[in-house]
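Need coordinates for the following:
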Amino acid sequence: VLDGTSLAGSPGTPGSPAVAATWPTGLVKFSGKTKDQSPGAVLENTLSGSASILLGSHVVSSSNLTIGRKKSASSAVSAIVTAIGAGGVIKAYIGGNSVTSTCAAQGTDTLCLVDTSGAYDNNGQTVTLGNLTLPGTMTWSITDTTGGTNASPAIPATPATGWSNFKPALTVTTFNGGNNALTGVTVTSDCSSVNGASDAHIHQYDDKYDRTGVDFLNPSATSHKLAKAITSNTIEYKVLMHNQYLNPAVKFHVGNSSYEPSQDVGYVSVKDYQTSATLDLAALPIYSGTSKTTGVTGKMIGSLVVNMPTDALSVKDWWGNGDMRVGLHPINPGCGGRTGGTTDGNMYQPVIPPANGVDGPGIKGWSASTVSLNSIGVRHGGALTVQIIKATTPNSAIELNDSNGRPEYGWRIKSGEVANYVLAEYTVFWHHPSNGCYGDPAWTKIPGPDNGSSTATTPAAGSTDPKLGDLSGTSGGTVSSVTVTVTGNVMTTTITYSSGGQAIITRTTNADNSVTIVTRDADCVASGAGCQGITDTVYGTSGNILTGGDERGNQVRTGRVSWHELIRE
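Numbers count the residues shown, from 1 in each chain. Predicted coordinates:
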């Protein structure tokens, strides 16, 4: 370290960080329950000027707000937040949201009303609520707006000035004998060539490989194996998921070594996977290994599979709440599945979804003036996302995927913590040819059919992607009867449909304890011996368990259609 020459003004003045403005926040803490009586409790617009909620003189909501029957305090808050949203000047959040420190300190039984009008010291404004019909035992208490900082809109950072000669401050000027701490170590905050390209993706995966889902431990495309991203079977991890609401047709098979590709057993709907208002990472299972049978004893992952029915692209009321939509999010792959840009980083073109049930596009949560830390919305443009995270990840590193407090959109690692805790990430969505991005004006949740086609590709040898197609044949029908016969080491299941067609599943336990499963659907059986059906060989000890075809649904189904786009990071 050599002597330097100080400039005028040395030793200079230290800089100061920017001080962000803090929005004033009013609180309404609920307790008790509404009556279990039709038509359900309603917060009425009985205030001056036909308002149901006022903040000072500002009308937060002018409409009646439906809360419902026998709803708890947290459910009441969730209903109000969903109705008001964060689109106006006074924005509504569920307590615990980090939008302001005042709101972050509250529980889920508290409604936070954040005043973003620009009056940062606009404290002492009173929250007023209209009449509540059928209140039961429900009451509330109100805290006036507080927490604002008199800064408009913030105190900018002050840069340091001047510079000094560093040498006099050093007691040692010769350094040697050290080692590069990163020698032999690959450190990545995004996927590198070691783990595969961060935008590795496969178009029309189901058509190419003739499968209805993906086994990430042993997929048809070896580039998408979990082992490509996690190279040691002793690494321990947990599994997060988000954007479930937009992909309700998908089923998830995780942490269960009984998985077999031809059996519709052991799956859970993504609608029920991590869609609660709270999530404690400490309560999540710890997994290890990158195949069905590898890993630390007692923690082997066993399975990591997504699958969906053959009508996943059909318009249905998948959630049972009147929201008619396709079962897999329809977007263009450039909209949220690949590497983030300079203005959205690891948020991958985030979008703020409209109210549940509304058809229109979402609102883009990034712009030319944002980066990943201040862009907002659900990640990956709404694609179903599976995050593989370090087992040591703390609760402080996660957040609801939807900042408006809708847990049905799942949980995720915060943008600023992605490099610290995310090991791998998979996204699945419908690559629709004309629906564009979730934030585009023409986007719709009920797009037209996708008539594209793909060239068939041979799956990797021994791959175990699921294939749970329609067994009833093109004529459809409901199940009339199921018969099972066992002869020696062969179990035969015959499914007869109301149309008269039959499907036959034969399970043969081999000498090495593996099980060979041959599935012939109704069309195949009707065509005679010339159709050999689909053959899968499963290595395990479950050959004596009666599962598979006899447990398939009995509803009328249609032929399989192309359903998804798969991306691994």
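
okay, CA-based contacts and neighbour counts for the rest of this
Noted.

Give the buried residues for stretch 413-433.
Using 16 or more other CA atoms under 10 Å as the test for burial, stretch 413-433 gives 413-415, 418, 421-433.

Out of these, which sit inside strands?
Counting by DSSP state E, the buried residues of stretch 413-433 place Ile413, Val422, Leu423, Ala424, Glu425, Tyr426, Thr427, Val428, Phe429, Trp430, His431 in strands.

Format those as a markdown table; extra columns: pLDDT.
Shown next, in a markdown table, are those (pLDDT from 0 to 100):
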| residue | pLDDT |
| --- | --- |
| Ile413 | 96 |
| Val422 | 93 |
| Leu423 | 93 |
| Ala424 | 92 |
| Glu425 | 91 |
| Tyr426 | 93 |
| Thr427 | 92 |
| Val428 | 93 |
| Phe429 | 92 |
| Trp430 | 91 |
| His431 | 87 |
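
Save the residues you listed as TSV, and put in distance to Ser269 too.
Shown next, in TSV, are these (distance: CA to CA, whole Å):
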residue	distance to Ser269
Ile413	22
Val422	23
Leu423	24
Ala424	22
Glu425	19
Tyr426	17
Thr427	16
Val428	15
Phe429	16
Trp430	18
His431	21
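
Out of those, which is nearest to Gly530?
Trp430 (34.1 Å; CA to CA).

Name whatever forms a beta bridge with the closest one.
Using DSSP bridges, the bridge partners assigned to Trp430 are Pro330.

hang on, it packs against Ile331?
Yes - using CA atoms under 8 Å, Trp430 is in contact with Ile331, at 6.2 Å.

any idea how far Leu468 is from Asp311?
As judged by CA to CA, to the nearest Å, Leu468 and Asp311 stand 12 Å apart.

So which other helices or strands are in contact with the lengthiest helix in the chain?
Ordering each helix of the chain by length in residues (DSSP state H) puts helix 73-84 first. If contacts are counted by 3 or more CA pairs under 8 Å, 6 or more residues apart in numbering; DSSP states H and E, helix 73-84 sits against strand 25-31, strand 65-68, strand 90-94, strand 110-115.

same thing but 10 Å
The contact analysis (3 or more CA pairs under 10 Å, 6 or more residues apart in numbering; DSSP states H and E) places helix 73-84 against strand 25-31, strand 41-43, strand 58-61, strand 65-68, strand 90-94, strand 110-115.

In TSV: those, plus mean pLDDT.
Output for those, formatted as TSV (pLDDT from 0 to 100):
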stretch	mean pLDDT
strand 25-31	96
strand 41-43	96
strand 58-61	93
strand 65-68	95
strand 90-94	96
strand 110-115	96
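
Gly528: which of the ones you listed is closest?
For those, the distance to Gly528 is smallest for strand 65-68, at 56.5 Å, taking CA to CA.

contact partners of the closest one?
Outside strand 65-68, the residues that touch it by CA atoms under 10 Å, 6 or more residues apart in numbering are 34-45, 52-53, 73, 75-84, 130, 132-135.

So among those, which ones count as buried?
For the contacts of strand 65-68, buried by 16+ other CA under 10 Å: 34-35, 40-45, 52-53, 73, 75-84, 130, 132-135.

where does the stretch 51-200 of the chain dip in pLDDT?
Where the stretch 51-200 of the chain drops to pLDDT under 70, the residues are 151-154, 160-200.

mind running it again at 50?
The model of the stretch 51-200 of the chain has pLDDT under 50 over residues 181-197.

can you give me the helices for it?
73-84, 101-104 (DSSP state H, counting those that start in this stretch).

Adding distance to Asn247 as columns, could you present the ones you listed in a markdown table?
Conversion of the helices of the stretch 51-200 of the chain to a markdown table gives the following (distance: least, CA to CA, whole Å):
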| stretch | distance to Asn247 |
| --- | --- |
| helix 73-84 | 19 |
| helix 101-104 | 29 |
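
Any idea which of those helices gets closest to Thr457?
Smallest distance to Thr457 across the helices of the stretch 51-200 of the chain (CA to CA): 44.9 Å, for helix 73-84.

Quick one: work out the angle between the closest one and strand 110-115.
Orientation check (axes from the mean of the first three to the mean of the last three CA atoms, to 10 degrees): helix 73-84 against strand 110-115 gives 30 degrees.

got the angle between helix 73-84 and strand 25-31?
Inter-element angle recorded for helix 73-84 and strand 25-31: 140 degrees (by the same axes, to 10 degrees).

Measure how helix 73-84 sits relative to strand 90-94, angle-wise.
Angle of helix 73-84 versus strand 90-94, following the same axes, to 10 degrees, is 150 degrees.

got the CA coordinates for helix 73-84 in CSV?
As requested, the backbone C-alpha atoms of helix 73-84 are provided in CSV (Å, rounded to 0.1, in the frame of the first residue of the first chain):
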residue,chain,number,x,y,z
ALA,A,73,-61.7,-12.3,13.1
SER,A,74,-59.0,-13.3,10.7
SER,A,75,-61.5,-14.3,8.0
ALA,A,76,-63.3,-11.0,8.4
VAL,A,77,-60.0,-9.1,7.8
SER,A,78,-59.2,-11.3,4.8
ALA,A,79,-62.6,-10.6,3.2
ILE,A,80,-62.3,-6.8,3.7
VAL,A,81,-58.7,-6.8,2.4
THR,A,82,-59.7,-8.8,-0.7
ALA,A,83,-62.6,-6.4,-1.4
ILE,A,84,-60.6,-3.2,-1.0
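
starting at the chain centroid, how far to that helix?
How far helix 73-84 lies from its chain's middle: 21 Å, per CA atoms, centre = their mean, to the nearest Å.

same question, stretch 368-385
The answer for stretch 368-385 is 13 Å, by CA atoms, centre = their mean.
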